[in-house]
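**Student:** Task: produce atomic coordinates for the following.
(chains A, B, C and D)
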2 protein chains.
Amino acid sequence: MSKCEQCIVREFSSLKALTKDELLKISDCKTTHVIKKGDVIFEEGENVNGIYCIKDGICKLTKLSANGKDHIVKLVSKGELLGQRSMISEEPVNLSAVALEDMHVCFIPKTEVMGFFDKNNQFSMNVMKSICGDLKDADDHMVNIAQKTVKERLAEVLLYLHDTFGKNEDNSLKVQLSRDELASMIGTATESCIRLLSDFNKLELIELTGKKIVLKDINKLKKISRTV
Amino acid sequence: MSKCEQCIVREFSSLKALTKDELLKISDCKTTHVIKKGDVIFEEGENVNGIYCIKDGICKLTKLSANGKDHIVKLVSKGELLGQRSMISEEPVNLSAVALEDMHVCFIPKTEVMGFFDKNNQFSMNVMKSICGDLKDADDHMVNIAQKTVKERLAEVLLYLHDTFGKNEDNSLKVQLSRDELASMIGTATESCIRLLSDFNKLELIELTGKKIVLKDINKLKKISRTV
DNA sequence: GTTAAAAAATGATATTTGTCATATAAATGT
DNA sequence: ACATTTATATGACAAATATCATTTTTTAAC
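**Tutor:** Just a heads-up that it's a prediction; the model follows:
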């Protein structure tokens, strides 16, 4: 069993506040999981009795909407924790988590984590800050969807993917989403998303090669997205 | 100076976890404010060095979007706290707060509140839970805006206002928003909002008398909103 | 490798929503 | 009480976006 104490990923999450002793306790009770691309980590409505720490890979958090379509609320990657909100609220998870690539995750049972809240104030503060960050992002996101056009949102999402997850050697975006997934991040119909990508391609703002997307004119994309 | 210990409103917020001693400390350092309808409590980007406890009245939390329009993110009323996220994140507030009616609020300085996080775990948990609730609401809201039509969203907001803030003796919604504000809750143009209200009126789902709105057919509104 | 299935792309069209112009009504200040 | 501003309402039209149909391309299965 791998030791949490030696896990670098921990440094990026709220867990960085834990002491050596606390980490040893986690090492003992955590379970490690290999998750294949497309696999479901948990599903909306489930009781997830603990949190997942992402060691490697990226997943999407989705929510089923009234019309039966999934909406991607957030992408989560290495170093981040899943299931914090649900654990604190003592409610089922409100989002589903699905792997976008092969992942390594560790599961830490609720009982263990809740103990840290009492004893380790820095840990509590870290968790609070991370949830506060999510809340701020959600507010921003909400206003974007409400007030920006689909084109603006597409440009913004492309820039977000670029800035957050980086690019491969061939300059293409590291996170490869299907058109359908891209559409469900933006909140639009798949066809509309495809059409706009084609437009961006023709305008030489991006370059499409199969599923690969290369951002060719970041400044113009920024202008379109009105991020600047 | 009014005493926090005797304030009923406290029972509805995270502050209910505070001890008598802690409440006495707050009573000493808090400031009370009367806020007129339309007054700004704080503005996006400001440093609010503490939290506001709403004793009476309702306010809107808005965020300026890229196109210069305000979007109403949330309505907040009696018993709720303002400025928690900002305080915990140690960042300026990301939303503006504007009174929708005359309000009474108390301001508790950050220095005081932060002390409670260390010493009173129940208080910390309450704050966390309340922020987690906000996050869940924000996710729901986001997906609604992304996937529902304006008509569905209008029906939903009307029902929300009805269920959350109740009605007057004449059955009209207690919270009176302008068409403009209603539109900015829904994320649509004012004219579109007005038009749909007229439609609902003609279909006898609601009754419009000046600014007053009476919900006449809640079941049909629920069907339209796809809340059921 | 061939076939079946899924994803992406595109056209045609319908629907929704926004914008601009203008009219009417209500609120406000003097 | 009047004028002035502001909010509400409505029509006409334009733009954005969704939907449906169809084709092409890619991926996966055998």
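**Student:** Tell me who's in contact with the residue nearest to residue A:135 when sequence neighbours are not counted.
**Tutor:** With sequence-adjacent residues excluded and distances taken as CB to CB, 6 or more residues apart in numbering or on different chains, residue A:135 is closest to residue B:135, at 4.8 Å. Glycine gets a C-beta too; all of them are placed from N, C-alpha and C. Applying CB atoms under 8 Å, 6 or more residues apart in numbering or on different chains, one finds that residue B:135 lies in contact with A:85, A:131, A:134, A:135, A:138.
**Student:** quick one: the helix or strand hosting residue A:207 near DNA strand C?
**Tutor:** Using DSSP states H and E, residue A:207 maps to strand A:206-209. Yes: residues of strand A:206-209 contacting DNA strand C under CB under 7 Å from any atom of the strand: residue A:208.
**Student:** same for the helix or strand that that strand is followed by, what does it pack against?
**Tutor:** Going down the chain from strand A:206-209, the next helix or strand is strand A:212-215, by DSSP H and E. Packing partners of strand A:212-215 (3 or more CB pairs under 8 Å, 6 or more residues apart in numbering or on different chains; DSSP states H and E): helix A:150-165, strand A:206-209.
**Student:** Send me the helix or strand following strand A:212-215 as CSV with only the CA atoms.
**Tutor:** Sequence order places helix A:218-225 as the next helix or strand after strand A:212-215, per DSSP H and E. Provided in CSV are the C-alpha atoms of helix A:218-225 (Å, rounded to 0.1, in the frame of the first residue of the first chain):
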residue,chain,number,x,y,z
ILE,A,218,-5.4,33.2,-28.4
ASN,A,219,-5.7,36.9,-28.4
LYS,A,220,-8.6,36.9,-30.8
LEU,A,221,-10.2,34.1,-28.8
LYS,A,222,-9.8,36.3,-25.7
LYS,A,223,-11.5,39.2,-27.4
ILE,A,224,-14.4,37.0,-28.5
SER,A,225,-14.8,35.5,-25.0
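**Student:** what's the closest of the helices and strands packed on strand A:212-215 to residue A:42?
**Tutor:** Comparison of these against residue A:42 by CB to CB identifies helix A:150-165 as nearest, at 21.9 Å.
**Student:** And that closest one, what does it pack against?
**Tutor:** So helix A:150-165, by 3+ CB pairs under 8 Å, 6+ apart, packs with strand A:70-77, helix A:121-147, helix A:179-186, helix A:190-202, strand A:212-215, helix A:218-225.
**Student:** Now look at it and say if it contacts DNA strand C.
**Tutor:** No: applying CB under 7 Å from any atom of the strand, one finds helix A:150-165 out of contact with DNA strand C, separated by at least 11.2 Å.
**Student:** Help me see whether stretch A:90-106 makes contact with chain B, please.
**Tutor:** Yes: using CB under 8 Å from any CB of the partner chain, stretch A:90-106 reaches chain B at A:91, A:94, A:95.
**Student:** Let me know which of the helices and strands packed on strand A:212-215 is tucked in deepest.
**Tutor:** The highest mean neighbour count among those, using mean count of other CB atoms under 10 Å in any protein chain shown, belongs to helix A:150-165: a mean of 19.
**Student:** Run the chain-centre distance for it.
**Tutor:** Relative to its parent chain, helix A:150-165 has a centroid offset of 14 Å by CA atoms, centre = their mean, to the nearest Å.
**Student:** and if you look at stretch A:40-55?
**Tutor:** For stretch A:40-55, the distance to the chain centre is 13 Å (CA atoms, centre = their mean).
**Student:** Among the residues of stretch A:90-106 next to chain B, which one has the most neighbours?
**Tutor:** Counting neighbours by other CB atoms under 10 Å in any protein chain shown, residue A:95 comes out on top of the residues of stretch A:90-106 next to chain B with 26 neighbours.
**Student:** Excluding chain neighbours, give the residue nearest to it in space.
**Tutor:** Nearest residue to residue A:95 in three dimensions, chain neighbours excluded: residue A:61, at 4.3 Å (CB to CB, 6+ apart).
**Student:** how would you label that neighbour: helix, strand or coil?
**Tutor:** Per DSSP: H, G, I helix; E, B strand; the rest coil, the local secondary structure of residue A:61 is strand.
**Student:** picking that back up, now for the helices and strands packed on helix A:150-165, which one comes closest to residue B:21?
**Tutor:** The nearest among these, by CB to CB, is helix A:121-147 at 19.4 Å.
**Student:** do that closest one and DNA strand C meet at all?
**Tutor:** No: contact of helix A:121-147 with DNA strand C is not found when judged by CB under 7 Å from any atom of the strand; the minimum separation is 8.3 Å.
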